[in-house]
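Enquirer: Predicted model, plus sequence, below.
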Amino acid sequence: MQKHNHQGHVATSDHFPTDTAGLVEAVGSQVVDLSDGDEVELRIAPVTKRIGDATVRMLAYNGSIPGPTLRVREGSELVVNVVNEADLDATVHWHGLRLDNRYDGTHETQAPIPVGGTFTYRIEFPDPGVYWYHPHIREDYGQEMGLYGNILVVPTDPDYWPPAHRELVLTLDDVLIEDGKIAPFGREETTYAAMGRFGNVMLVGGETDPSLGAPRGEIVRFYLTSTANTRVFNVALPGARVKLVGGDSGRYEREQFVDSVILAPSERVVIDVLFEQPGQLTLEHRTPERTYSLATIDVSEEMATPSLAAEFGSLRHNAEWVGERERLAPYFDAPPDKTLAFVAEMDIAAPEGPVVYACPMHPEVVSDEPGRCPKCGMKLLATATPASFVCPMHPDVVSDQAGHCPKCGMKLLPASLVAQTSETGTHAHHGHGRGHGDKAAQGEHVQHGHGHEHAHHGHEPHGEAGGIEWEDDMVDVNRMTTPANMHWNLIDRDTGAVNHAIDWRFRVGDQVKLRLVNEMDSDHPMHHPFHIHGAGRFVVLARDGQHEENLVWKDTVLVRTGETVDILLDVTNPGQWMAHCHIAEHHESGMMFSFNVAPADAD
């Protein structure tokens, strides 16, 4: 069955449209300087965009991907008129901003904007830093299709940030291209619910492999935002000096030099980069198994003026955090007010007939009995008993019974799993990345363990996954998972309430200590970026009992596999607010709840 959408394009009833006929081409993203009280329009509409060799249909704010960067002053207010000319109902969520609850941009705070409809937001900007806006209806679809844009809130204190020659706002994203199109999305249900939709093409500022330039000695402030559905980025810039200065909502307690920075979906990082030597540098995304090229930066012989090298070498201890750390001191070792567990339940039907149980992440793990993978803790899934067994090291060794290879002693694996492993190595999820040492591109299976490491801001030893799923290592299983067979749960350990049944109630002025426990006793243990909407902001107090040494205001925290994270929420804004995992497919699969904040003077 087919139907025509409002643009006149034909779309199947079960999938969103992918055709490009009659659509305008995406334009470059602009920085829009705005003053207090200004009014601005955001128009959501389909566009065509060139990604690699493909011209694909995407969605854009004001015709660009990313949408325009709104540059505003701390303490100002904007009126934003949103016009929806897209494929489905819409809202715009103003991520990280502490604002009037009715403008938070969720289905709980407003009626969805119908196709052809409009909605007016009044947005406040109380905190300096970098924020972003995106859909909150079918977030998995809208974000993948290009609906995201930044907000840069300029501090009123001119010395808030250290000196820099220039500022650059960049989004980091990936997109899944199949058969020359964005891989299809069903209208009725979210797919890739298990791990989230990993892309096979990296986008920086909406572009593949952009080329940037800088004079020698220039200090560039990079405002980085991860707008990816699920991928965690580990960003490095070899050949330049990198200083971490800010996070989600303002500056760090102390500036520090770093080798790389980690951004989970929706997190922001502010880094100052000093380009000391001329030459071509590469902005990289580094995983334990692979390095991707994100962008190239040509550093010229010409010197930047004035020289700010001396200021760059100074690591400031920011004054407001001296008082804040003192205020927060009693909370570090206090018991939590609430404990929230992260748990997965997989309900994938077993095939008919005799079965064995295998790990989708580690196909060499096969058992005659149900259980969990000893390598990653994932639930073993039932698969049909194989007709033959093969040695992964010596494919010529084939048997109709389980056993061990006479050549190397390795356990023989089901032939179907060995074949699937080889195919996974060349699957589209691993391509299009200009990688170095790319095992996947050579047809080898790239395995990623779940070893847990405390490695913040990129100091994680390579070769260990650090509790992060860097790639989709169970592509076929992941694609078939939906909210019907993959249940992602947030569980209040005090009451047993799950997801929407959680009923937390706070008051403006409360300081709420939350313990986030990413449980290994889960059908699929993996990392989760946990996001709290604009009821307030929080600090990370501790990870696995180790106090956080460098504080920053946050709205999203990456909770790695098996990790326990303590945060303190500073409750400032009344209303009904959401909290959820910011892997878009997990959010759409129900991994979310709402809580209520009463005014300070309420009974």
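Expert: Yep, that arrived. Numbers count the residues shown, from 1 in each chain.

Enquirer: Tally up the residues packed near Glu108, please.
Expert: Residues within reach of Glu108, counting by other CB atoms under 10 Å, total 15. From N, CA and C alone the C-beta is placed, and that goes for glycine too.

Enquirer: How about the secondary structure of the residue nearest the centre of the chain?
Expert: In the chain, the C-alpha nearest the mean C-alpha coordinate belongs to Pro265, at 1.3 Å (CA atoms, centre = their mean). At Pro265 the chain is in coil, as set by DSSP: H, G, I helix; E, B strand; the rest coil.

Enquirer: Tell me which residues touch it, please.
Expert: By CB atoms under 8 Å, 6 or more residues apart in numbering, Pro265 lies in contact with 226-232, 529, 556, 582-584.

Enquirer: Could you say which of those residues is surrounded by the most neighbours?
Expert: Of those, with other CB under 10 Å as the count, Ile583 tops at 31 neighbours.

Enquirer: which residues touch it?
Expert: So Ile583 contacts 196, 229-230, 265, 528-529, 591 (CB under 8 Å, 6+ apart).

Enquirer: Relative to Gly149, how far out is the closest residue in space to Asp87 that isn't next to it in sequence?
Expert: Nearest residue to Asp87, sequence neighbours excluded (CB to CB, 6 or more residues apart in numbering): Phe16, at 5.3 Å. As judged by CB to CB, to the nearest Å, Phe16 and Gly149 stand 20 Å apart.

Enquirer: Those two - which one has more neighbours?
Expert: More crowded of Phe16 and Gly149, by other CB under 10 Å: Gly149, with 28 against 21.

Enquirer: what pairs with that one across the strands?
Expert: Beta bridges link Gly149 to Tyr133 when assigned by DSSP bridges.

Enquirer: just how off-centre is stretch 45-62 within its chain?
Expert: Stretch 45-62 sits 21 Å away from the centroid of its parent chain (CA atoms, centre = their mean, to the nearest Å).

Enquirer: can you tell me which residues contact the closest residue to Glu108 other than its chain neighbours?
Expert: Of all residues not flanking Glu108 in the chain, Gln576 sits nearest, at 5.6 Å (CB to CB, 6+ apart). Contact analysis of Gln576 by CB under 8 Å, 6+ apart lists 101, 108-109, 594-597.

Enquirer: got a list of what Ile51 touches?
Expert: 175, 177, 201, 203, 208 are the contacts of Ile51 under CB under 8 Å, 6+ apart.

Enquirer: Could you do His580 as well?
Expert: Applying CB under 8 Å, 6+ apart, the residues contacting His580 are 490, 530-531, 586-587, 591-593.

Enquirer: Phi and psi next, for it.
Expert: Main-chain dihedrals, His580, degrees, to the nearest 10: phi -160, psi 170.

Enquirer: gap between Ser300 and Asn478?
Expert: 44 Å.

Enquirer: Could you report the distance from Ala501 to Asp494?
Expert: Counting by CB to CB - Ala501 and Asp494 are separated by 13 Å.

Enquirer: for Thr225, same thing?
Expert: Distance from Thr225 to Asp494, by CB to CB: 34 Å.

Enquirer: Check Asp510 too.
Expert: Distance from Asp510 to Asp494, by CB to CB: 16 Å.

Enquirer: same check, this time on Arg254
Expert: Distance from Arg254 to Asp494, by CB to CB: 35 Å.

Enquirer: rewinding a little: comparing Asp510 and Asp494, which residue is more hemmed in?
Expert: Between Asp510 and Asp494, counting by other CB under 10 Å, Asp510 is the more crowded of the two (17 against 13).

Enquirer: who touches Gln280 in this structure?
Expert: Here Gln280 is in contact with 296-299 (CB under 8 Å, 6+ apart).

Enquirer: actually Ile65, not the one I typed
Expert: So Ile65 contacts 26, 29, 47, 49, 58, 146, 148, 206 (CB under 8 Å, 6+ apart).

Enquirer: Columns distance to Gly403 and pLDDT on top of those, output as TSV?
Expert: As requested, these are exported to TSV (distance: CB to CB, whole Å; pLDDT from 0 to 100):
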residue	distance to Gly403	pLDDT
Ala26	57	96
Ser29	59	96
Val47	57	97
Lys49	53	97
Met58	51	97
Gly146	52	97
Tyr148	52	98
Gly206	53	97
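
Enquirer: related to what we said a few turns ago, restricted to strands, list the contacts of Ile583.
Expert: 528-529 (DSSP state E).

Enquirer: Out of the contacts of Ile583, the closest to Trp132 would be?
Expert: The closest of the contacts of Ile583 to Trp132 turns out to be Pro265 (CB to CB; 11.1 Å).

Enquirer: State the distance from the closest one to Val83.
Expert: 27 Å.

Enquirer: rewinding a little: which of the contacts of Gln280 fall in strands?
Expert: Per DSSP E, the subset of those in strands is 296-299.

Enquirer: out of the residues you listed, who's nearest Pro128?
Expert: For the ones in strands among the contacts of Gln280, the nearest to Pro128 is Ile297 (26.1 Å; CB to CB).
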